[in-house]
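>>> Let me see the structure of the following:
(one chain, ligands or ions: 2)
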Amino acid sequence: MICPQCRSADCFRSRRAGILDFLGSFAGLRPWRCHTCDFRFYAWRVAVSFAGYAHCSRCGNFDLERVSSDRVARSIRNFLPRSLGFRAYRCDPCRLKFFSIRPYRRILPSMAPLPAENAAHS
Ligand SMILES: [Zn+2]
Ligand SMILES: [Zn+2]
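Ligands and ions are numbered 1, 2, ... in the order given. You can find the predicted model right below:
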């Protein structure tokens with residue numbers, strides 16, 4: 001799990017507390033907390049704020065490899081995305097190949113300060 005605020009991978013599952021957490025669990029959301037910056041956030045496989053980007057549904061990896069759609073095994077589930085020309089990706093750690101319509105952004109856990117381009121927005 002990558003922290004949406006500081007991108008540290010040092011996050012742990014937070015205990016559910018309060019009505020919002022219980023409501024979130026209906027949507028499959030789990031509360032997490034970052035050890036590095038103490039930021040509390042909600043996540044499915046990945047943090048909510050990162051969920052709009054292509055990621056591996058198995059491990060939450062964003063460091064994906066673009067592959068040709070021919071390399072993704074044909075199945076009923078991916079018939080539609082294949083026909084619609086979604087991009088095909090491969091997750092190296094779990095060797096999962098899948099389609100995604102989401103934009104690709106290589107979000108990597110960082111132990112170092114964020115690059116200057118991110119700081120420029122504030
Ligand atoms: Zn953090
Ligand atoms: Zn994966």
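
>>> all strands of this structure, in order?
Assigned by DSSP state E, the strands in the chain fall at 11-13, 30-34, 40-43, 65-67, 87-91, 96-100.

>>> Mark out where each domain of this protein begins and ends.
1-50, 52-109 (automatic domain parsing).

>>> wait, does the longest one contact ligand 2?
Yes. Looking at domain 52-109 against ligand 2 by Cβ under 5 Å from the ion, the contacts come from 56, 58-59, 61, 91, 94. Glycine gets a C-beta too; all of them are placed from N, C-alpha and C.

>>> that older thread, mind giving me TSV with the strands of the chain and columns for mean neighbour count, mean pLDDT and distance to residue 75?
Listed next are the strands of the chain as TSV, based on neighbours: other Cβ atoms under 10 Å; pLDDT from 0 to 100; distance: least, Cβ to Cβ, whole Å:
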stretch	mean neighbour count	mean pLDDT	distance to residue 75
strand 11-13	15	96	32
strand 30-34	18	96	28
strand 40-43	19	96	27
strand 65-67	11	97	16
strand 87-91	19	97	13
strand 96-100	18	96	10
